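K.L.:
here are the coordinates; sequence isn't available:
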């Protein structure tokens, strides 16, 4: 490709030199033709300017034929040279155009069809870029799911923290009530006052706060009650040589209404079951019980303990719920 370009440059320079020479020869030829025309115009004017007809004719020097022949030969020779130069310049121009077309075609082919190695390199670079993009997208999805999971864990921990704070406050309140009751008991012959109403109020307050928790438990219990009607057959065999024992279990719910069952259960709670249990406060939906216990610590040492219990019932969609604190 380099040799072709150098050849085209050298041919172009030669063509320009020949064209300049041809122009110079043409200009010289035209100048000589102008001089010849001037001489031809001058000769008739000299013939017409003779004053007398009978005068002696002027003897005009006859030019030898050699100069005219030489002049016509020079003119023809220069004309032939000019024609040859024109033909050569046209051939050189055609050669130059063909070389330029070849150079343009080669350059277009080089721009259109890049080398195979460079194309393969760019393909590999594009494949690597696509792979890195896919990996980055997968990493973003993983981080997004992890962030959502940690957000849910944070919400659960926050809810547990709120519940723990409320229970802590309840424990502090119960400890304060126990301390107050203990002080009152110490001032009244070192025995707890069984009719202390503050203790029952605190216990009832704690029951009211636990109602929402037990609604979910009652819902789950209600759903499992529908699966209680079942029959289970079990074959028991202690040894391979012993006879098999068949055990059949029938599980059925009692055919009693919810209201009637709740009513009788509450009546049983109100009646009590032990002699050392005393009802200290009573209302249609709440019972305040006091139980007295004596615990022996050995070495003739004992402790008298009074237990305050609050039982409260609530009407829910499934029937009745009794909470004990």
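P.N.:
Thanks, I have the structure now. Since we're looking at a predicted model, the values are computed, not measured.

K.L.:
for the rest of this, base every contact and every neighbour count on C-alpha atoms.
P.N.:
OK.

K.L.:
mean confidence for stretch 293-313?
P.N.:
The predicted model gives stretch 293-313 an average pLDDT of 80.

K.L.:
domains for this structure, by residue range?
P.N.:
Domain ranges of the chain: 1-46+72-105, 169-229+257-324, per automatic domain parsing.

K.L.:
can you tell me the average pLDDT over the shortest one?
P.N.:
Here domain 1-46+72-105 scores 71 as its mean pLDDT.

K.L.:
ok but residue 243 is inside a helix, no?
P.N.:
No. With DSSP: H, G, I helix; E, B strand; the rest coil as the criterion, residue 243 is located in coil rather than a helix.

K.L.:
ok, it touching residue 237?
P.N.:
Yes. Between residue 243 and residue 237 there is a contact under CA atoms under 8 Å: 6.6 Å.

K.L.:
what's across from the closest residue to residue 277 other than its chain neighbours in the sheet?
P.N.:
Among residues not flanking residue 277 along the chain, residue 291 sits closest, at 4.7 Å (CA to CA, 6 or more residues apart in numbering). Note on residue 291: beta-bridge partners by DSSP bridges are residue 277, residue 307.

K.L.:
what of the one 10 residues further on?
P.N.:
On the basis of DSSP bridges, residue 301 takes part in beta bridges with residue 298.

K.L.:
report the separation between it and residue 292.
P.N.:
Going from residue 301 to residue 292 by CA to CA, to the nearest Å gives 17 Å.

K.L.:
look at those two and report which has more neighbours.
P.N.:
residue 292 (14 against 8; other CA atoms under 10 Å).

K.L.:
any idea how far residue 306 is from that one?
P.N.:
Per CA to CA, residue 292 is found 5 Å from residue 306.

K.L.:
which other helices and strands contact whichever helix or strand residue 289 is part of?
P.N.:
Applying DSSP states H and E as the criterion places residue 289 in strand 286-298. Where contact means 3 or more CA pairs under 8 Å, 6 or more residues apart in numbering; DSSP states H and E, strand 286-298 is packed against strand 277-283, strand 301-316.

K.L.:
can you name every helix or strand that the helix or strand just after the longest one contacts?
P.N.:
Heading C-terminal from strand 301-316, the first helix or strand you meet, by DSSP H and E, is strand 319-324. Contacts of strand 319-324 with other secondary structure elements, assessed using 3+ CA pairs under 8 Å, 6+ apart, are made with helix 258-271, strand 301-316.

K.L.:
got the contact list for the strand holding residue 289?
P.N.:
194, 200, 270, 276-282, 302-313 (CA atoms under 8 Å, 6 or more residues apart in numbering).

K.L.:
try 6 Å this time
P.N.:
If you take CA atoms under 6 Å, 6 or more residues apart in numbering as the criterion, strand 286-298 is touched by 276-281, 302-312.

K.L.:
just the buried residues of those residues.
P.N.:
Neighbour-count burial (16 or more other CA atoms under 10 Å) is assigned, among the contacts of strand 286-298, to 277, 279, 280, 308, 309, 310, 311, 312.

K.L.:
mind putting these into CSV with distance to residue 128?
P.N.:
Output for those, formatted as CSV (distance: CA to CA, whole Å):
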residue, distance to residue 128
277, 83
279, 83
280, 83
308, 76
309, 74
310, 73
311, 73
312, 71
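
K.L.:
quick check: residue 106 vs residue 100, distance?
P.N.:
With distances taken as CA to CA, residue 106 is found 10 Å from residue 100.
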